[in-house]
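Could you work out the structure for the sequence below:
(2 chains)
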Amino acid sequence: MTELKRIGRIKFGLLSPQEVRKMSATKIITADTYDNDGFPIEMGLMDPRLGVIDPGLRCRTCGGRPGECPGHFGHIELAAPVVHIGFAKLIRKILQATCRKCGHLLLGEEVKKKYQDEIKTLKKIGRSTDDVIKGVFKDSVKTSVCPHCGEGQKNIKFEKPTTYIEEGHKLMPSDIRDRLERIPNDDVEILGMDASNARPEWMVLTVLPVPPVTARPSITLESGQRSEDDLTHKLVDIIRINQRFQENREAGAPQLIIEDLWELLQYHATTFLDNEVSGVPPARHRSGRPLKTLSQRLKGKEGRFRGSLSGKRVNFSARTVISPDPNLDIDEVGVPMEIVKEMTITTNITPQNIKECKEYVRRGPDRHPGANYVKRVDGQRIKVTDRNCEELAEMLEPGWKVDRQLKDGDIVLFNRQPSLHRMSIMAHKVKVMPHKTFRLNPSVCPPYNADFDGDEMNLHVPQTEEARAEARILIAVEENMLSPRFGGPIIGGIHDHITGLFLLTRGTTLFDENDALEVLRKSHVRDLPKPAIHENGKPYWTGRQIFSLMLPKGLNLTYRAKACESCDVCKKSECEKDAYVVIKDGELLCGTIDEKAIGAFTGQVLDRIIKEFSPTEGKKFLDNATRLAIRAITHFGFSFGIDDEDIPQEAQSQIYEIMMEAEKKVKRLIDAYEVGELDALPGRTIDETLEMKIMEELGKARDQAGNVASQHLGLDNSAVAMATSGARGSMLNLTQMSTCVGQQSVRGERITRGYDERTLPHFKKGDLGAAAKGFVKYSYKKGLSPTEFFFHAIGGREGLVDTAVRTSQSGYLQRRLINALQDLEVKYDGTVRDTRGLIVQFEYGEDGIDPSKSDYGKSVNTRRIIQNVTGQDPAEV
Amino acid sequence: MRLAKKDTVEALKRKGIDAKTAETLCNAGFALDKLRKASIEDVMKAGISKTATHKVMKMLSKTNAKVTKTTKKAKKKETGAVTPLLIDSKLKGLPLPLSIIEELRDYLNKVKPTEAQLERILQMSVGAYERARVEPCEAVGIVAAQSIGEPGTQMTMRTFHYAGVAEINVTLGLPRLIEIADARKVPSTPIMRVKLEPEYARDREKARALGWGIEETNIIDVGSVAVDMAKMQIVVELNEKILSRRNITAEEIVQKINGETKADVQPEGLKLTINPAQHSYRGLLQLVEDVKGITLKGVKGIHRVIIRKENDEYVMYTEGSALKRILQFEGVDASRTKTNNINEISEVLGIEAARNAIISEAMDTLREQGLEVDIRHIMLVADMVTAEGDVKQIGRHGVAGQKASVLSRAAFEVTVNHLLDAAVKGYVDELAGVTENVIVGQPIQLGTGDVELIYKAKE
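Sure thing, here's the model as predicted:
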């Protein structure tokens, strides 16, 4: 590959009038754009020397066709100078700091020398000179008599946006320019400007550069009418006024009119540069819409910088809805045939692959692994069609290039916005599939934060060999299973994966040979282990045995599952919750597999396999285990219906009792409060105390009711199974569905807003009772009363608002963080430095450990090492 | 031969072995590979002191395990399990962080492995450590920013009660994180945890008394203030009980008011009558405000003090923060007292303390939300923010606004101003950072983009 040319540096400066003329392709004198035949008028705003946009024409400067010619600047000679609005404030400061007669900086030689030296040293050590320059302006403004020529200085008043008044006398831009011209170069440097590239007088425009036509293309409407760009409109205005000004002056018009026209010219020049200056009415389009002029083009999220330069649109990308496919590997992505036929990879033909490439071309664009384009040695691109494919295939020879269609096994980047972390873009292997959605394994949903309620994702095809290598080695799903955020797995089984394995490994479920093979069908296992028991001469296997087939040999692990209640004395393997998990040499001896084993963020088993074996082993485990889980859950059958929320009559009456009791207690609290017998908690008012106590009482009631309900709902209840295994939902969700929804709150307090002294007209004024302040005593299943429903909506709304506000706030925080830290890098000496070479950390993270390679933040898991070597757990000795 | 020797000496020096030792070793006929295989005894025979030998071995640390292994074999006959002494000597000089060594020592003493096991454990530990090190060119900044920013979406917005102290409201969650990033002068809910010297910490009464001394006491707190429009005077009725509890007397109050205002105060037991110096309603009303604003006792800005018992010591929590004043109080344990006002810490205790405060505040905020973020990411942010000696904001007025690159700043916020400024000052963009290079469309100089080494295949 040829050496890449790099842009070394970019220097900024002001354009001098000479420079503007020099780079100009033509002077613009007429405000007209096209003649009656629709051809651009010469020396008009659409002069063909400024570049071309109409197809068929050629640029008169460079000879390029539209698309080839980048466009060329023109210029307008302004009849009178005008102030550049961006520098209006700076011009004021400079006028005040320099002598009105001789143009010298209003500082004595010594002070000047001092500042000069200071600036020199600061520049040498690469520090900001802003503070010194501030001092220069401050000092020089104070001087009232020029120390060089003895001229008395007058006070200059600045009226926004572009008027300078010197003791009642208005300074015209030409006067200002004259004064700025007089400032010697040395003094310009002290004012913080770069004299060779930005003379102060250049801030007053005498020549206006006209942007190339390509930067302000006109569009032809359906009616055949041309619609010009906003910038062109503005330039038309400038030229018109410029002409009028010139005519008037030549005709010897009165000073008043001249000044008016001058002002008008200034207005148009100002709005051409920036149409949002305070104090200047924005220039408007005929429709009343403010024009988008130069500043507006650069600014903001959709502006040139953020919208077109930092973020660019790309080719070789696709986007569609995603849907799940648990039979795919986690590092695969199902790509619809339609997309695959559009997306290509450019392959260089070599003697080694010519046969393969010929086959692609021969298949043409419509029969799948085909080719869409070929490129000859001379660079000519030829589209492959049904007709010419055979012919082209024969013509192929090494040195040609073939744009072949994507096929199985190609590496592509897969992405879901918002791309909050690097796992939002990962490299998958293509799997061509029918239908129109991208398919992905549900296990990779957590890093993308994707679900299948209509989410769309993007796919990008890397085009160079280097990019593909990086994708495979660094960006692949396999390499990103551990999050750099905390050094644990971020990919893991979800939902049914967890429930499935939970059901499989719970208790002592037995499988006969048929069933065992059935659940194992989609996994890599081909041989069954020794059966656990024989009954009636038939062999049976336990669920744990079947799960153990997924585990790599040599895995030793002991941990406590999600169901663990951290009892005072752990009964270990005798645990009746089956929450003490022991894996020895890849054999699950006791305990139930749940979220803490294979879940994303928490999966201990997965974590250990990735770290102690390899990410590849981890990937294999996850692929197989999740497939087993899906088979298992279909084997057992798993569903949830409204009757799963049923609770027996006796429980219902118990719950009724609890509710009545709570209401009574609340009433008692209110009574005590009303007669003034309630004692305030320390640091709280009596009102607050009452609120807190009521909330506490009602919370307790809900919990009690929930407990009653859960006593009657066992693990045979699907929702309970999901909650305890950590697959989805919580016991609280189930309680709310079956028993009692509970207190609705706004900002952590009971609902108080509404009518005068009451929330709704259904209640008496001053009613502090449970129901009047948003307590929902019914369950979702029984249904909410009208007032409860309303309160529920209030509470729900708060959640929605919260989410909306949060996303925008955290998005901005993230943007700021990225911007502040993006240039930091670990150098070869182990230090962390920014682009200036400033050392931010001498050793990254004080120990030089990469969190993504660490074990939950620890560089060495000494406990595991000792355990693996000696067989003893040092923490439990 | 001579040349080879010279090379060996150079190589040894590069490994950090002093010139003299290297010379001696070479003269004894040790080449680098030979030295690697040699045992300590072998090396010592070459006429080098014991300490120097150990140093040599340490410098060649990669081979350390091997070296010690050979020496170990000689001693192995003696025992089954190793002694703590041996563990100590083994751990010494391992290229591991202190915390890991301490942990190993602790565990090893518990488990009592055999020598072979010990060797293996140490070897594996060093291996694991080496494997977990950051690679050069890693874009740690972006990873840190993402790791902190990404969980932001999962955080709550509300202020909550401080963990354990129900009485004090503290900003937590995303707003607090934003506050830390903004480097705000004063947090929205300043709070201090004041730990006390042992004699105060164990005595509830003493702690209480100190608390009253610290809590800001205004006239409103100790009595009622009424304005008598007819007589043009302010009448203050003091509450005796509160006075005695707050350990303040009516005389002191009179003195305070006299000292702070020009008004004339007439005490009548517990009733104070205040006559304004000027006879105007405006003056009177102004005086009421002034009198209410006088801090009679305690530290201005400390609105409330709460004493709590935590693991058999009394700890003071204050609403409001005034670190400098509090540290001067007798009985306050300055080394264990902290505030959540980072700026204050920076002023009182210096920039290093502020850095640590940022780390602990951010970690606490994230942990409270149940989000796990590696401390290294937060350290990097804290270091970036404090790198130049003062706490800078993450954003336009701080780190991002002071970046060297014009294009990068323009792409962040206030685009046009940065460009105009750059033009006038003739700034040069060196195109060293990420955004700049994305803008001009060339590979960025981070990660794989920063590697210049290319393997050239032979024809």
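
switch to C-alpha atoms for all contacts and neighbour counts from now on
Will do.

Verify the stated contact: A:Trp219 with A:Ser227.
Actually, residue A:219 is Ile. It isn't Trp. Yes: using C-alpha atoms under 8 Å, A:Ile219 makes contact with A:Ser227 at a distance of 5.3 Å.

Check which element follows the lowest-mean-pLDDT helix or strand in chain B along the chain.
Lowest mean confidence among the helices and strands of chain B (mean pLDDT, DSSP states H and E): helix B:64-75, at a mean of 44. The first helix or strand that comes after helix B:64-75 along the chain, using DSSP states H and E, is helix B:84-91.

Please point out which parts of that following helix sit buried.
Across helix B:84-91, burial judged by 16 or more other C-alpha atoms under 10 Å in any protein chain shown covers B:87-88, B:91.

Please list which of those residues also come close to chain A.
Among those, proximity to chain A is found for none (C-alpha under 8 Å from any C-alpha of the partner chain).

Could you take those residues and lay them out as TSV, with extra columns for pLDDT?
Shown next, in TSV, are the buried residues of helix B:84-91 (pLDDT from 0 to 100):
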residue	pLDDT
B:Ile87	78
B:Asp88	79
B:Leu91	80
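
Distance check, the nearest residue to A:Ile473 once chain neighbours are set aside against chain B.
Excluding the flanking residues, the one nearest A:Ile473 by C-alpha to C-alpha, 6 or more residues apart in numbering or on different chains is A:Glu479, at 7.4 Å. Counting by C-alpha to the nearest C-alpha, to the nearest Å, the separation of A:Glu479 from chain B is 14 Å.

Next, give phi and psi for A:Glu479.
For A:Glu479, the backbone dihedrals are phi -80, psi -10 (criterion: degrees, to the nearest 10).

now A:Glu798
When read as degrees, to the nearest 10, the backbone of A:Glu798 gives phi -60, psi -40.

surely it meets A:Gln744?
No: in terms of C-alpha under 8 Å, A:Glu798 does not count as a neighbour of A:Gln744; the distance is 10.3 Å.

Looking at the two, which is more packed in?
Neighbour tally, A:Glu798 and A:Gln744, criterion other C-alpha atoms under 10 Å in any protein chain shown: the higher count belongs to A:Gln744, 20 against 14.

what about the strands in the stretch 351-500 of chain A?
Counting by DSSP state E, counting those that start in this stretch, the stretch 351-500 of chain A has these strands, from start to end: A:371-375, A:381-383, A:401-405, A:411-415, A:425-433, A:438-440, A:456-460.

for the longest one, packing partners?
Okay, so that is strand A:425-433. Contacting strand A:425-433 under the criterion 3 or more C-alpha pairs under 8 Å, 6 or more residues apart in numbering or on different chains; DSSP states H and E are the following elements: strand A:332-336, helix A:337-342, strand A:411-415.

In CSV, list the C-alpha atoms belonging to the last one.
The reference is to strand A:411-415. The C-alpha trace of strand A:411-415 is given here as CSV (Å, rounded to 0.1, in the frame of the first residue of the first chain):
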residue,chain,number,x,y,z
ILE,A,411,-17.4,-9.7,9.0
VAL,A,412,-19.6,-6.7,9.4
LEU,A,413,-20.1,-4.0,12.0
PHE,A,414,-23.4,-4.0,13.8
ASN,A,415,-24.6,-1.0,15.7
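
That strand close to chain B?
No: for a cut-off given as C-alpha under 8 Å from any C-alpha, strand A:411-415 has no contacts with chain B; the smallest distance is 15.4 Å.

Domain map for the chain?
No chain specified, so I'll use chain A. Taking automatic domain parsing as the domain assignment, the ranges for chain A are A:86-197, A:229-303, A:317-480, A:496-636, A:642-787, A:825-870.

The intended chain is chain B.
According to automatic domain parsing, the ranges for chain B are B:2-65, B:76-131, B:140-189+B:340-400, B:217-293, B:403-459.

out of those domains, nearest to B:Glu199?
domain B:217-293 (20.2 Å; C-alpha to C-alpha).

For the stretch 101-250 of chain B, give me the ranges with low pLDDT.
Residue ranges of the stretch 101-250 of chain B with pLDDT under 70: B:157-167.

Quick one: the helices in it, in order.
Under the criterion DSSP state H, counting those that start in this stretch, the stretch 101-250 of chain B carries helices at the ranges B:115-131, B:140-149, B:173-182, B:198-201, B:204-214, B:219-222, B:240-245, B:250-260.

Now do the second one: which elements does it pack against?
It refers to helix B:140-149. helix A:786-821, strand A:825-826, helix B:375-386.

quick one: which of the ones you listed is nearest B:Ser405?
In terms of C-alpha to C-alpha, the element of the helices and strands packed on helix B:140-149 nearest to B:Ser405 is helix A:786-821, at 11.7 Å.
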